[in-house]
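S.K.: heads up, no residue letters with this:
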């Protein structure tokens, strides 16, 4: 074993009616533009995201993360630092089909998630209980979770981070876990295997950790680091106790 912001409040992205999704796909078969318009939103706290469209409502702005009306986040208008119009490549029909299949797949069992975490952990030499602890703190195990900052999926990847990691669909459990694990691995390498600093960067961003030369003095970030490490220690201790018990029973035969 090697080593040993997003989390915020989490609400649920609506799945939409399956028949409506099918109708959209049928329409796409007849008309698929090369690009689709979107907006790159940068917040004053350093977070950024891609949204499909936005709607002002008094002092707040509702940012819609897709063309529908159920997957959104609300931010203060004063918190928006910059808005850029961008053209994104239109996903292929096969990608649309794959995305809908992932979003409608609500049968992610704890065992299936554990296997995904173990596979990703083995690839990056990270303990499965560490990854499970991050998932619990980030999303509570909900693959369709969206934070108020726009982070998505089990390991709460920001859209730009997900794109940089090659994650096409953050709501697909395996893609999200693979991307989140790769990101955590990169942070551990950046901070020389300091778990506390890597977790702080995962929550508040590497820029904040670098600026403060350590864990930033943010209440949320410090609570997040303590929570993940406590959960990891608990899970690891339980696993070691179980292994000792099995060994003891095996030796007594």
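M.R.: Yes, it's here. Values in this document were obtained by computation on a predicted structure and should not be read as measured data. Numbers count the residues shown, from 1 in each chain.
S.K.: going forward, measure contacts and count neighbours with C-alpha atoms only.
M.R.: Will do.
S.K.: for the residue lying closest to residue 152 once chain neighbours are set aside, grab the count of nearby residues.
M.R.: In space, and not counting its chain neighbours, residue 152 is closest to residue 146: 4.6 Å by C-alpha to C-alpha, 6 or more residues apart in numbering. As a burial measure, residue 146 scores 31 neighbours (other C-alpha atoms under 10 Å).
S.K.: can you check residue 159 too?
M.R.: Neighbour count for residue 159, taken as other C-alpha under 10 Å: 22.
S.K.: touching, it and residue 153? I think so.
M.R.: No. Between residue 159 and residue 153 there is no contact under C-alpha atoms under 8 Å: 10.4 Å.
S.K.: hmm, back to that, any idea what the residue nearest to residue 152 is bridged to?
M.R.: Beta-bridge partners recorded for residue 146 (DSSP bridges): residue 11, residue 152.
S.K.: please report the distance of it from residue 124.
M.R.: With distances taken as C-alpha to C-alpha, to the nearest Å, residue 146 is found 25 Å from residue 124.
S.K.: one more: residue 205?
M.R.: Counting by C-alpha to C-alpha, the gap from residue 205 to residue 124 is 20 Å.
S.K.: please enumerate the strands of the chain.
M.R.: Listed in chain order, the strands of the chain (DSSP state E) span 10-12, 35-43, 48-51, 53-57, 60-64, 72-76, 80-89, 145-147.
S.K.: what lines up beside the fifth one in the sheet?
M.R.: Sheet neighbours of strand 60-64, with direction, are listed as strand 53-57 (antiparallel), strand 72-76 (antiparallel) (DSSP bridges).
S.K.: ranking those strands by burial, who's on top?
M.R.: strand 72-76 (a mean of 19; mean count of other C-alpha atoms under 10 Å).
S.K.: neighbours of residue 58, how many?
M.R.: Residue 58: 8 neighbours (other C-alpha under 10 Å).
S.K.: cool, and residue 230?
M.R.: Going by other C-alpha under 10 Å, the residues that sit close to residue 230 add up to 13.
S.K.: got a pLDDT number for it?
M.R.: Per-residue confidence at residue 230 stands at 96 (pLDDT).
S.K.: could you do residue 131 as well?
M.R.: 98.
S.K.: now do the contacts for it.
M.R.: 117, 121, 181 (C-alpha atoms under 8 Å, 6 or more residues apart in numbering).
S.K.: which among the residues you listed gets closest to residue 134?
M.R.: residue 181 (9.6 Å; C-alpha to C-alpha).
S.K.: that older thread, hey, least reliable of the strands of the chain by pLDDT?
M.R.: Sorting these by mean pLDDT places strand 10-12 lowest, at a mean of 36.
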